[in-house]
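Asks: The following comprises the amino acid sequence and a computationally predicted model.
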Amino acid sequence: MKRLCQVVLANASRHFDREWTYVVPEPLRESIDIGSVVYVPFGTRKTPSRGFVTRFLPELPDQYDEEKIRDISALLSDRPAVTEEQVKLAFEMKRRYYCTVGDALDTMVPPTVLSVGDRRVKAARLVDMDEATELLDSGDLRSLKQVRVIELLLEHEEASCIEIRQAADVSQGVLNTLAKNGVIEFLQRTVSRKLPEELEEVEPADAFEATEAQRKAIEEIDDAAYAATPGELNEFLLHGVTGSGKTEVYLQVADHVLSRGRQVLILVPEIALTPQMTRRLVARFGERVAILHSRLTPAGRYETWQRILAQEIPIVVGARSAVFAPLKNIGLIVVDEEQESSYKAETKPRYYAVDIARIRAMMNGAVLVLGSATPQVSSYWRAKNGFSTLLNLPERISDAGMADVEVIDMRAEYARGNLSIFSERLTRELFYTIERGEQAMILLNRRGFSRTIVCRSCGWQMRCPFCDIALTSHRNPYGGEAKLPNRMVCHLCERLARVPKYCPECSSEEIMALGAGTQQVEEEINKQLPHAKILRMDLDTTRGRFSHKEILDAFERHEADVLVGTQMIAKGHDFHNVTLSAILSADQLLGAGEFRASEQAFQLMTQVAGRAGRGLKKGRVIIQAVQPDHFVVKAAAKQDYDAFYREEIIFRNRMAYLPFGHIGMAQLKGFDRYETEDVARAFQREVAALIDQYGGTFSNTILTDASPAPVERIRSRYRYRVMVRDESAENLTRLLFMAADRLKRPKGVSLAIDIDPWTTL
Ligand code: ADP
Ligand code: ZN
Ligand code: ZN
């Protein structure tokens, strides 16, 4: 009998996304396997289509006629590109995310691995990053495809053409046009056997003798790792402030897991921001570690992947996409800083790496360890309710102690006639800090995208009565002009509300909009302290891959006294000369207009407090707020996670937010405003029709009208969305996928579906 196998196509639409049956030709019998990349004839297409072998069939299904089944045309390589586990994982991803099995598999594998195994690859990069950025922002580009290519290259600097074509879903023609117009240039890269980025020289280091708390955590995880079997979930939440010894726990457990011949996968939010972690891994485990970072060249990515696939490297560390590393016998998966939004992919397929880590841990019979100083409320809830095991590291290893946190009541400042965004106390502290030759960091919310309305006399903040999140105004890209918007909107239910003239709480007229941008803060410092040297770090100053690090390095070399920036500056780096950190307006964080606002505000405030005072000199943190009594501000000032959690979980429960309920967001993007809006409306109608049709199942589902996103237009594309809420995530997924599959959507409008999005802006 002929050998039969099933294949999924790499570039199928969802309609054609299923397993198709083919005959394995005699000459390929020995070298083909599950996970092999093959080329197959499909329909009436002239050239064979790329696909992945998903399984072999023991016999022909009844309804098939053997004569009609076609042969596989070609095999890409003797080695499969993915493992059997990854094939299974891809089917699971299709169930959870709006994508095809092929999309999922293509996301897991570096594109160079999928290309014909030639040794030289053609790569491309931008001729001038700044010009490219300007081009994007100018809105002159009329081709979505060109936009995608430029965005990709801004992020990765250089990539092989195959990678670009695949990741941006464009043809070579698009690249050629961009090259002809002088936007990108081509170059040749050789795929070599040796790893292009040699590991940095690191002195080998031994394990520390574990503290009592560490020992307890290590033992519990070890026991679970020893007993774990596939199909069951063994999850831990390791809760401990920065410096409490979490990393040491990971390393020691990793060592034990390795010694039993199993493998270790470690995820970090961003490799470039976590140099300590990679250094310590290399110091402890030397060449057994592979570091998957986005700066690897195409050749580097290819070789590293092949060596992991060949099971030559037992420890893999990397950011989000490293969760797909093709290890076959994982005993431990660590997700460090589990609260970070970078674990959520914002391009298709919009997976959440922590979910994938959970699935893989179960498939492999591995333990999953999530670590954080400020876990997500939903993760803490899991631990409190028996879905995972809570482990605590209550104290810092060194007695560097915590910084002093001081909350400044901005209502009192206004009452005294100080209308600036700096309290007198902060101005004075800034002055003395600089006098002493020390440095300061000033933090702001993300680019002042949104503004929030507060009463500066009593601290009242304008919130949606139905969703209990802060109302925000639509985007004002440069933030902070003094003028009051007329109307505010709720990002979740889209209800509009008029900004009152008098405060509903205290009847004063002191209603104001908060929303200073980094630029405005820089100007203000200039005014108050003309001698201060200032560095600014926000999205505007950190386009391109290295500028980010350059700014931080310059600050570390003390080329400036003050660093002003968004939450980015709170991460990673230890600046030993920074003795003052300030959060200009806690209200702005709390007014972010998302249900996670409190959680993220608490995380940022705690992170800043934990960071200041790590050096030899004692640190000071100043938090300014018109709501100094808000539970988040009070808990953060005391660095009391439990106090924060106790209140927040009540709010989540009352409002049916995560983990008690789910939000689904369908986002439509296109160049043409009216077309995009039309499609969004049509989508909303499909959802409404399905809710009607299925009645009971969706009786508690809440559907909102199609509406423009708060940031209505980004890089020339208009953005509309439809929000749906339900207690069950499965319900939401089913509903939105069905509606999406039914929707007639023109080519110019793209659709993305997100369950529990990290941002609704
Ligand atoms: P976290 O990951 O929670 O921030 P780390 O594991 O990085 O904590 O530990 C903080 C510091 O304490 C590091 O410099 C580390 O080298 C050191 N350290 C960790 N565990 C021990 C230990 N058991 N004995 C001595 N020093 C330790
Ligand atoms: Zn008031
Ligand atoms: Zn609302």
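Replies: That came in fine, so what should we check first? Ligands and ions are numbered 1, 2, ... in the order given.

Asks: Would you mind listing the buried residues in stretch 492-510?
Replies: Neighbour-count burial for stretch 492-510, counted by 16 or more other Cβ atoms under 10 Å, picks out Leu492, Cys493, Glu494, Cys503, Glu510. (Each C-beta comes from the backbone N, C-alpha and C, glycine too.)

Asks: Make sure I have this right: Val253 is in a helix.
Replies: Yes. Residue state for Val253 (DSSP: H, G, I helix; E, B strand; the rest coil) corresponds to a helix.

Asks: Setting aside sequence neighbours, what's the nearest residue to it?
Replies: Distance criterion Cβ to Cβ, 6 or more residues apart in numbering; nearest residue to Val253, sequence neighbours excluded, is Ile221 at 4.9 Å.

Asks: Can you read off the pLDDT for the one you found?
Replies: Looking at Ile221, its pLDDT is 98.

Asks: Check Leu539 too.
Replies: 64.

Asks: quick one: whatever residue of the stretch 51-200 of the chain ends up closest to ligand 2 and ligand 1, what's the gap?
Replies: Here the stretch 51-200 of the chain gets closest to ligand 2 at one residue, Asp137, 38.7 Å apart by Cβ to the ion. Per Cβ to the nearest ligand atom, to the nearest Å, Asp137 is found 38 Å from ligand 1.

Asks: ok, back up a step: ok, how many other residues are close to the residue nearest to Val253?
Replies: Per other Cβ atoms under 10 Å, the neighbour tally for Ile221 reads 26.

Asks: And Ser581, how far from Gln607?
Replies: Distance from Ser581 to Gln607, counting by Cβ to Cβ, to the nearest Å: 10 Å.

Asks: Tell me which of the two has more neighbours.
Replies: Each of Ser581 and Gln607 has its neighbours counted (other Cβ under 10 Å); Ser581 has more, 28 against 22.

Asks: What helices and strands are in contact with the helix or strand bottoming out on mean pLDDT in the chain?
Replies: The least trusted helix or strand in the chain, going by mean pLDDT, DSSP states H and E, turns out to be helix 111-114, with a mean of 72. Under the contact definition 3 or more Cβ pairs under 8 Å, 6 or more residues apart in numbering; DSSP states H and E, helix 111-114 sits against helix 161-168, helix 298-309.

Asks: sorry, back to before: take the buried residues of stretch 492-510 and write them to a markdown table, including distance to ligand 3 and pLDDT.
Replies: Supplementary listing: the buried residues of stretch 492-510 in a markdown table, determined by distance: Cβ to the ion, whole Å; pLDDT from 0 to 100:
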| residue | distance to ligand 3 | pLDDT |
| --- | --- | --- |
| Leu492 | 5 | 86 |
| Cys493 | 3 | 87 |
| Glu494 | 7 | 83 |
| Cys503 | 20 | 96 |
| Glu510 | 25 | 91 |
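
Asks: Alpha carbons of the host helix or strand of Ala383, as PDB, please.
Replies: Using DSSP states H and E, Ala383 falls within helix 377-384. Extracted C-alpha coordinates of helix 377-384, given in PDB (Å, rounded to 0.1, in the frame of the first residue of the first chain):
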ATOM      1  CA  VAL A 377      -4.100  40.100  40.000                       C
ATOM      2  CA  SER A 378      -5.400  37.200  37.900                       C
ATOM      3  CA  SER A 379      -2.200  35.200  38.500                       C
ATOM      4  CA  TYR A 380      -2.400  35.800  42.300                       C
ATOM      5  CA  TRP A 381      -6.000  34.800  42.200                       C
ATOM      6  CA  ARG A 382      -5.000  31.500  40.500                       C
ATOM      7  CA  ALA A 383      -2.600  30.900  43.300                       C
ATOM      8  CA  LYS A 384      -5.100  31.800  46.000                       C
END
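
Asks: Show me what counts as buried in that helix.
Replies: Under the neighbour-count criterion of 16+ other Cβ under 10 Å, helix 377-384 has Val377, Ser378, Ser379, Tyr380, Trp381, Arg382, Ala383 buried.
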